[in-house]
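Participant: Please work out how this folds:
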Amino acid sequence: MSTFLSDTLADILKSSTSFESSVFVFPSQRAKVFMKGLLKKKMSSGFLPEMITVEKLIEDISELQLVDTIQLLFHFYATYKDIEKEEADSFDRFSSWAFTVIQDFNEVDQYLVNTNDLYTYLRDIQRLKKWSVKGEFKETELIKDHFIFMERLGKYYTSFHEFLKSKKIGYQGLLYREAVKNTDRFLEKTNSSSFYFIGFNALNKAEELIFQKFLMNSAAHIYWDIDQAFLDSSHSAGAFIRKYKREWAYYEKNELKSVSNHFSQPKKIEVLGGSKNIVQLKYAGQILNSFDNYESTALVLGDESLLPVALSSIPEKVNSVNITMGYPLQSIPISNVITSFFQLFLNQERYLKTDHNQFYYKDVIRFLNDPFVHKTYTETLEPIESYLSKRNKSFVSLEDLNAYFSELDEETHELFIAIFQPYVTIEGFLDRILSFFEKIRDHIQTLEKEYLYRFHSAFTQLKNLQQEFSYFSDLKTLYLFYQRVVSSEKLFFQGEPLQGLQLMGMLETRALDFENLIITSVNEQIIPSSSSQNSFIPFDVKIQFGLPTYKEKDAIFSYHFFRLLQRAKNVYLLYNTENDGYGGGEKSRFISQLEFMKDDLHFKFISTSVQTEKRELQEIQKNTAIVEKLKEIAQKGVSPSTITNYLYNPILFYKQRILGIYEADIVEETVAANTLGTIIHDTLDELYGNFLNEVLTVDHFDTMEKQSKRIVQKFFQKHFKNGELETGKNRLIFEVANRYIQRFLRMEKEDVRKGNDLKIIATERSLESSLKIKNVDFPIKIKGIVDRIDEYNGVRRIIDYKTGFVTSSDLKLTDFSTIQDFKYSKAIQILLYSLLYTDQEKYHKSIEAGIYSFKNLKKGLLKINFSANYRKPDFEITQEKLADAIDEIKGILEEIYATDIPFSEPLELPF
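Facilitator: Here you go, the predicted structure:
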């Protein structure tokens, strides 16, 4: 395929066969690599030209060294403090606005703006805002600070500018400004060299002057990558090059080089609208899967934050992928462990204030369970969740951790204990992180080591800067700065750039051409980017001083987009059709422009192919081991809850009762529902247990009401172990438990006051009996603990307490044949308790049974009801009714113990 670079090289080779003193200058590193590959194919012998990017050329001319943003920020703060003295912002507040100021400085220098005029202009604007005909202006502290800040921007610039020049370092714009001054001297030193500027488009003011000096004063050539369709029209893609042709003195005598006519050639262009970004990337993977060769194929991401999704969408048949864009540091897995490292100590400050020997348990679990951390200690250790749940501590002491890590080898034990030592200084904390990196390095894979190296370099730099400047006053400041770094910095991959699929962002495509082209996220606000500007220089001021605005940036995007399409043969443009905010719903204006320029566009809406699998319900056949386990359960005893558990889900019954798999215990930071239930049961047991077999009076209830709060507190401390009860949700739950008990006692006291006789026979009584069922040659023991047995007006009652919400319909049983339905689970429990009591106590009179629901106490005792007529309820449990009900319950047990009936997963769970 004919490309811009191959055509340019062919034209250069017509007039030059030796490149010993030639310099090729490119807009990007990637274009330089591709040109080198072409030269190796074209030239069998001789010297290759020197090939550099424009940034490297500017650095050479300026005689300054480019430094990264982090170093610039620290140097800027030093000069800022010299100006502001005692009134200077703290470093964390300063860094919140300094990045934007440096960006403005960079732009101002690149466009060679007279900074004295600019900042005087900005100052005067602020003064005009305060001017009033009446001489009155209400100025708040915030407005006052803003005016002072805007007036001093000029001072900040001048001081920072002079400081950087004295150190022979600078940001990109400063290098450009100095390069303009030094260009003539540089040309004198390199007068024997030939310079070729290849593939440029939008030049800043400094680049324009430098390039023109090269063209007018040396053997220099410039090759623009522009199509006739854009050069000869008013299309924004050709706006910059038309301007250079019109204004540059060089073009009064010379023609533009490398103007092509490829855009008008027939192309296959498909415009594909998909719902959500994920669909776009997955469909892009399907397109790639249809290709046989990837040597001239590019997947261009309009939204570079989707790189992780793009990587997972590339089909397996693609053997080689070259990633040109950077991978955001905040998306790298190791960033999670660093965040959890910080949270250990930040939450310590937040929750504990002064006690720095304890850590919030969730932070400890999160840190130790991170895959990078977990690899460093042996799996023989008990899981940290289990270890902490046994102790039920919301805050874990250093002594607890020391005991937990005691089984590790000495070196690893010392590492973890060092990690959890109290935070003292920023330098010590950074050393702690770096030591941790050193330890985990030997336990991770090659790619993970690349991740680790990037973070190790970043923290080493932070440590060096802290030692030099000491700007991080506390851990919170360091963490906020770290977050800014990982949100803006990227990890750049290295691979074989000339082979396989090219995965890149829009800017990396400069000067490159591909036969097969897939561009994603071709939506407004992405291609082109948003018109919003992050700058302290207002829009109208930018226009006044010749600084670029969103209009110029739109033209740059237009050029990159349409230039990519010039030589491509198969083009796929994907956009998000969902109007879900940023970058959604509206396709890019460039697609609309393309409709007017090309008549061979094909539009369609897409969706990814979804492969569905028919899910078969799980079924467990009963083998000998399961039958033996069931026999063991029968000997130990089957509780009513075991039977209802089976009705709910036989597979869950199998996992819990046969395999012994239960949900893992967790630390109760807030009182759990089951713990609350246990506390209320135990409280009522102790209160009523003092008056067994006595007819209760109002005085009894007065005594219990006075004792209840103390007893509730006692059982909270017993069952909630080390939990905090004085504040927050736990305090509320504690008060709720008190209210439950008090309301219940008042309700029963009122019942007694009305003349009803109430005698407590037993509380928390353990009962058991045996049942014989068909086809099972051993008896099945049924056991249970009844919350309360009492006698009310001469009628014996079986009572169960529930802290949940229960209604009378849950205990209505009019047809015994339906009892095997899970919705009658509470009725089954009550009837089994009734069976156990009448069998064990040989009590053959009629009884009643029911539930006190503490969330529905106003309904009183909810009794099991055998009548369908709501006007004539039937609460009496006779021996005949009990026998009929038990026959049906036996049917459930027969199913559980039948060897030919498997444990089967229900199609739908009851709720």
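Participant: Residue 24 and residue 718, how far apart?
Facilitator: Residue 24 is 81 Å from residue 718, where distance means CB to CB, to the nearest Å. Backbone N, C-alpha and C define where each C-beta goes, glycine included.
Participant: Quick one: low-confidence residue ranges for the stretch 801-911 of the chain.
Facilitator: For the stretch 801-911 of the chain, applying pLDDT under 70 flags the ranges 911.
Participant: what about the helices in it?
Facilitator: With DSSP state H, counting those that start in this stretch, the ranges of helices along the stretch 801-911 of the chain come out as 825-840, 879-897.
Participant: List the buried residues in the last one.
Facilitator: With burial defined by 16 or more other CB atoms under 10 Å, the residues of helix 879-897 counted as buried are 881, 882, 885, 886, 888, 889, 892, 893, 896, 897.
Participant: And the shortest one, by the same measure?
Facilitator: For helix 825-840, a neighbour-count test (16+ other CB under 10 Å) marks 825-839 as buried.
Participant: How many residues are close by residue 383?
Facilitator: By the criterion of other CB atoms under 10 Å, residue 383 has 13 neighbours.
Participant: now the one 10 residues further on
Facilitator: By other CB under 10 Å, the residues close to residue 393 number 21.
Participant: I'd assumed it was in a helix, is it?
Facilitator: No. Read with DSSP: H, G, I helix; E, B strand; the rest coil, residue 393 is coil and lies in no helix.
Participant: can I assume it is in contact with residue 400?
Facilitator: Yes. Shown here, residue 393 and residue 400 form a contact pair, counting by CB atoms under 8 Å, at 7.0 Å.
Participant: Of residue 24 and residue 718, give the one with the bigger neighbour count.
Facilitator: Using other CB under 10 Å, the more surrounded residue of residue 24 and residue 718 is residue 24, with 25 against 11.
Participant: which residues sit in contact with the more buried one?
Facilitator: Applying CB atoms under 8 Å, 6 or more residues apart in numbering, we find residue 24 in contact with 32, 35, 49, 50, 51, 52, 196, 198.
Participant: just residue 900 next, same as before
Facilitator: Residue 900 neighbours (CB under 8 Å, 6+ apart): residue 622.
Participant: do you know how far it is from residue 894?
Facilitator: Taken as CB to CB, the span from residue 900 to residue 894 is 11 Å.
Participant: for residue 36, same thing?
Facilitator: Look at residue 36 and residue 894: by CB to CB, they are 81 Å apart.
Participant: Could you check how many residues crowd around residue 242?
Facilitator: 17.
Participant: per-residue pLDDT, residue 322?
Facilitator: The model reports residue 322 with a pLDDT of 85.
Participant: that's a strand at it, yeah?
Facilitator: Yes. Judged by three-state DSSP, residue 322 forms part of a strand.
Participant: from memory it sits against residue 512, does it?
Facilitator: No. Using CB under 8 Å, residue 322 makes no contact with residue 512, being 11.5 Å away.
Participant: which neighbours do the two share?
Facilitator: By CB under 8 Å, 6+ apart, the residues touching both residue 322 and residue 512 are residue 502.
Participant: Neighbour count for these two, which is higher?
Facilitator: Ranked by neighbour count (other CB under 10 Å), residue 322 and residue 512 place residue 512 first, with 24 against 20.
Participant: if we can go back for a sec, nearest to residue 542, of the helices of the stretch 801-911 of the chain?
Facilitator: Nearest of the helices of the stretch 801-911 of the chain to residue 542, taken as CB to CB: helix 825-840 at 72.1 Å.
Participant: and the angle from the closest one to helix 879-897?
Facilitator: Angle, helix 825-840 to helix 879-897, by axes from the mean of the first three to the mean of the last three CA atoms, to 10 degrees: 110 degrees.
Participant: From the contact counts, what lies against helix 825-840?
Facilitator: Counting contacts by 3 or more CB pairs under 8 Å, 6 or more residues apart in numbering; DSSP states H and E, helix 825-840 is packed against helix 640-648, strand 758-771, strand 780-792, strand 795-802, strand 848-853, helix 879-897.
Participant: now do 6 Å
Facilitator: On a contact count with 3 or more CB pairs under 6 Å, 6 or more residues apart in numbering; DSSP states H and E, helix 825-840 meets helix 640-648, strand 758-771, strand 780-792, strand 795-802, helix 879-897.
Participant: okay, it in CSV with CA atoms only?
Facilitator: This file holds the C-alpha atoms of helix 825-840, laid out as CSV (Å, rounded to 0.1, in the frame of the first residue of the first chain):
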residue,chain,number,x,y,z
SER,A,825,-42.4,-23.0,57.0
LYS,A,826,-43.4,-21.1,60.2
ALA,A,827,-46.4,-23.3,60.6
ILE,A,828,-44.2,-26.3,60.3
GLN,A,829,-41.9,-25.0,63.0
ILE,A,830,-44.8,-24.4,65.4
LEU,A,831,-46.4,-27.8,64.8
LEU,A,832,-43.1,-29.6,65.3
TYR,A,833,-42.5,-27.7,68.6
SER,A,834,-46.1,-28.8,69.6
LEU,A,835,-45.3,-32.4,68.7
LEU,A,836,-42.0,-32.4,70.6
TYR,A,837,-43.7,-30.9,73.7
THR,A,838,-46.7,-33.2,73.7
ASP,A,839,-44.5,-36.3,73.1
GLN,A,840,-41.8,-35.5,75.6
